[in-house]
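> this one's structure only:
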């Protein structure tokens, strides 16, 4: 019998150890639960890190549930946040559909829901308070406008590394860039192909661009839908004997640490930030909503900030490298 | 008397683990000990509970069914397409998908039986097949807007404290009840146990092994289809990536519930508790809010290991105590 008790104790340890060791929640002003998708990309890991530190700044008791890419886990997490009686729920939805039932439950419990980074299907508009997302068309536009301003009246042939075909981010960043250069007839996109958002594919496609454009002599600038592809493209240019950053201008989007490293080395020119700080504006909206009943706009757009070599890329690299990218 | 108590020992252990876990969680978080959390456990794990019942039959018979997660995914995509694109009424779509699943399970059972292939390989093939087909049909998540869906997902018996007994939870409880009756009170159930004890002996006893095998896999696939229906109600959409890895969660629930992986022994109620324990761990982690969600997997792994060790030791002790007085008397059906 003693032996059985011992085994039982072992079995229990998984649940028990955690339950006994965890200190009771500190008395904070607000408790907010965040159903995060997972940590599939560096950007998302950084979003989680930044959310935590933003919560700390505001003295918010912040609970994160990582859904490991599964919608069912996100629904479970939201239900248990409701059961805990949190003050607000943040949701970064893994898919756009299927949230109605659980968001209705949150609404009935009078817990406001804020969407982070991604939107959900239009049927549920009245079920959430606001959505904090970036505007990927604006990101492309900022990149295009920077290029037009930088080249002035000189003719400029641009090659474009697109994101994954069909991904809405890729479509929007392409459209935004085209909008940005629309006024300047001297700036033209001469080649455009997908690099699948990856470093390896970005390098491969850039190599073929260089071959097709007379060893790269005809290329004035490279535009990549994300920094990772640009890092690959920079490598391809260096291998082909070109000087990225001087011979060929570069502009890309995301602002991951590695692009700042390249900028510090003079091998990249500009990047547009997709901020990992989606939670900050969401916290502020919730605090105002709880304190004064201020209803935020349905869409809070994050800033698409441009960084160039003039912005001390080395310091930015140092500040970003530990965020989890 | 002592022997039948001994047989129930693993289920008692599982119950004790669940209750102790619940008490510990409630001590740590005051809001935990509420009807709402209990009802959430039932609703959120309904789809897993339903497949775990089917998996219990399969494992007791000495087999395994790796295809169930994919069948759930396939079902959600099929339902979304049938209802939204092809205009099939939801109830008809439910009937069609259950028939498809039954045929799929029967085919796997027949291949296992007549080609004498290991269930592991056959159902692995079934898993790839079902997942592949659902990707072929759609890679995007398709919303289902049918009126019946919103009625069913809104309908719930309201209990105190915001708790609600939802349709998925009701379906799961009904399946667990029906599974218990089928396994413990019918001839088919007795045949399932016999098959897990020894195939040859079962055949020699005059039981139709082929029929039983085909029926077991048919049952498992039909329950996976039903679970898919519940899953599609739960998310009101169809997505080819849904329920990835659920087959492993179901196997874990069955083993934590005290069923022997080698077959011949187990209870539906134990599997139900196994599902609830996994749900409990997940709920604890989201109440805590600082632990990595991967701790759920680690805790489940530890529990699995503890239960397998526990089973082996009880088996060993039971065998020794049986051998001593009776000498060589080893029952055919005993593992």
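Right, received. Where do you want to start? What you see is a predicted model, and the numbers here were worked out from it, not measured in a lab. Residues are numbered from 1 along each chain as shown, chains lettered A, B, ... in the order given.
> what is the closest residue to chain B within chain A paired to in the beta sheet?
Residue nearest to chain B within chain A: residue A:63 (2.3 Å; Cβ to the nearest Cβ). All C-beta spots, glycine's among them, are computed from the backbone N, C-alpha and C. Beta bridges link residue A:63 to residue A:33, judged by DSSP bridges.
> settle this for me: it is touching residue B:288, isn't it.
Yes - the pair residue A:63 / residue B:288 is scored as a contact, 7.4 Å apart, by Cβ atoms under 8 Å.
> give me the more crowded residue out of the two.
residue A:63 (26 against 19; other Cβ atoms under 10 Å in any protein chain shown).
> helices and strands around the helix or strand hosting residue B:23, which ones?
Assigned by DSSP states H and E, residue B:23 falls within helix B:2-28. Contacts defined by 3 or more Cβ pairs under 8 Å, 6 or more residues apart in numbering or on different chains; DSSP states H and E place helix B:2-28 against helix A:2-21, helix B:268-288, helix B:295-326.
> specify the angle between it and helix B:268-288 in degrees.
10 degrees (axes from the mean of the first three to the mean of the last three Cα atoms, to 10 degrees).
> next, the angle from helix B:2-28 to helix B:295-326.
Going by the same axes, to 10 degrees, helix B:2-28 makes 160 degrees with helix B:295-326.
> which parts of helix B:2-28 are buried?
B:9-11, B:13-18, B:20-22, B:24-25, B:28 (16 or more other Cβ atoms under 10 Å in any protein chain shown).
> stretch A:64-82 too?
Quick answer for stretch A:64-82 (16+ other Cβ under 10 Å): A:64-68, A:70-82.
> among those residues, which are located in strands?
When those are checked against strands (DSSP state E), the matches are A:64-66.
> who touches residue B:130 in this structure?
B:67, B:70-71, B:73-74, B:104 (Cβ atoms under 8 Å, 6 or more residues apart in numbering or on different chains).
> between those, which is nearest chain A?
Looking across the contacts of residue B:130 and measuring by Cβ to the nearest Cβ, the closest to chain A is residue B:73, at 11.5 Å.
> I'd say that closest one and residue B:237 touch.
No - applying Cβ under 8 Å, one finds residue B:73 not in contact with residue B:237, separated by 11.9 Å.
> need the overlap of contacts for these two.
Contacts common to residue B:73 and residue B:237, judged by Cβ under 8 Å, 6+ apart, are absent.
> helices of chain A, start to end?
In chain A, the helices defined using DSSP state H lie at A:2-21, A:42-57, A:71-84, A:100-108, A:136-151, A:168-181, A:199-212, A:227-239, A:257-264, A:279-292, A:313-320.
> quick one: list the elements packing against the fourth one.
I take that to be helix A:100-108. helix A:71-84, strand A:113-116, helix B:147-154.
> quick one: closest of the ones you listed to residue B:136.
Nearest of the helices and strands packed on helix A:100-108 to residue B:136, taken as Cβ to Cβ: helix A:71-84 at 20.8 Å.
> out of the helices and strands packed on helix A:100-108, which is closest to residue B:228?
helix A:71-84 (12.4 Å).
> can I get the helices and strands packed on helix A:100-108 in JSON lines with distance to residue B:277?
Formatted as JSON lines, the helices and strands packed on helix A:100-108 follow (distance: least, Cβ to Cβ, whole Å):
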{"stretch": "helix A:71-84", "distance to residue B:277": "14"}
{"stretch": "strand A:113-116", "distance to residue B:277": "29"}
{"stretch": "helix B:147-154", "distance to residue B:277": "26"}
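> of those, which is nearest residue A:269?
Across the helices and strands packed on helix A:100-108, closest to residue A:269 is strand A:113-116 (Cβ to Cβ), at 30.2 Å.
> picking that back up, for the residue of chain A closest to chain B, what are its contacts?
Going by Cβ under 8 Å, 6+ apart, residue A:63 touches A:31-34, A:81, A:84, A:86, B:286-290.
> ok, now which ones touch residue 162?
If you meant another chain, say so; for now it's chain A. Residue A:162 neighbours (Cβ under 8 Å, 6+ apart): A:170, A:174, A:192-195, A:225.
> switch to chain B, please.
A:82, A:108-109, B:36.
> what pLDDT is listed against it?
Confidence at residue B:162, expressed as pLDDT, is 81.
> now residue B:11
On the pLDDT scale, residue B:11 gets 87.
> might one say that it is in contact with residue B:269?
Yes - between residue B:11 and residue B:269 a contact is recorded at 6.3 Å, counting by Cβ under 8 Å.
> follow-up on the earlier one: out of the contacts of residue A:63, which is most surrounded?
Counting neighbours by other Cβ under 10 Å, residue A:81 leads the contacts of residue A:63 with 30 neighbours.
> residues in contact with whatever residue of chain B ends up closest to chain A?
The nearest approach of chain B to chain A comes at residue B:289, 2.3 Å away (Cβ to the nearest Cβ). The neighbourhood of residue B:289, defined by Cβ under 8 Å, 6+ apart, consists of A:33, A:62-65.
> of all those, which two lie farthest apart?
A:62 and A:65, at 11.1 Å, using Cβ to Cβ across the contacts of residue B:289.
> okay, and the common contacts of these two?
A:34, B:289.
> for the nearest residue to residue B:272 once chain neighbours are set aside, which residues are in contact?
Excluding its sequence neighbours, the residue lying closest to residue B:272 (Cβ to Cβ, 6 or more residues apart in numbering or on different chains) is residue B:176, at 4.9 Å. Applying Cβ under 8 Å, 6+ apart, we find residue B:176 in contact with B:49, B:53, B:268-269, B:272.
> repeat for residue B:51
Residue B:51 is in contact with B:68-69, B:72, B:220, B:223-224, B:227, B:246-247, B:250, counting by Cβ under 8 Å, 6+ apart.
> which parts of chain B are strands?
B:142-143, B:156-158, B:164-166, B:237-238.
> tell me the most buried of the ones you listed?
For the strands of chain B, average neighbour numbers computed from mean count of other Cβ atoms under 10 Å in any protein chain shown are highest in strand B:237-238, which has a mean of 30.
> strands paired with that one, and their directions?
strand B:142-143 (antiparallel).
> how about residues contacting the partner strand?
A:96-98, A:121, A:123, B:77, B:80-81, B:84-85, B:236-239.
> could you pull up the mean pLDDT of that strand?
Mean predicted lDDT for strand B:142-143 stands at 88.
> how far out from the middle of the chain is that strand?
In terms of Cα atoms, centre = their mean, to the nearest Å, the centre of strand B:142-143 is found 26 Å from the chain centre.
> next one: stretch B:55-75
On Cα atoms, centre = their mean, the centre of stretch B:55-75 falls 8 Å from that of its chain.
> ok, it near chain A or not?
No - if you take Cβ under 8 Å from any Cβ of the partner chain as the test, stretch B:55-75 misses chain A, and the best it gets is 10.2 Å.
> averaged pLDDT, that stretch. What do you get?
97.
> same thing with stretch A:158-172?
Stretch A:158-172 comes out at a mean pLDDT of 90.
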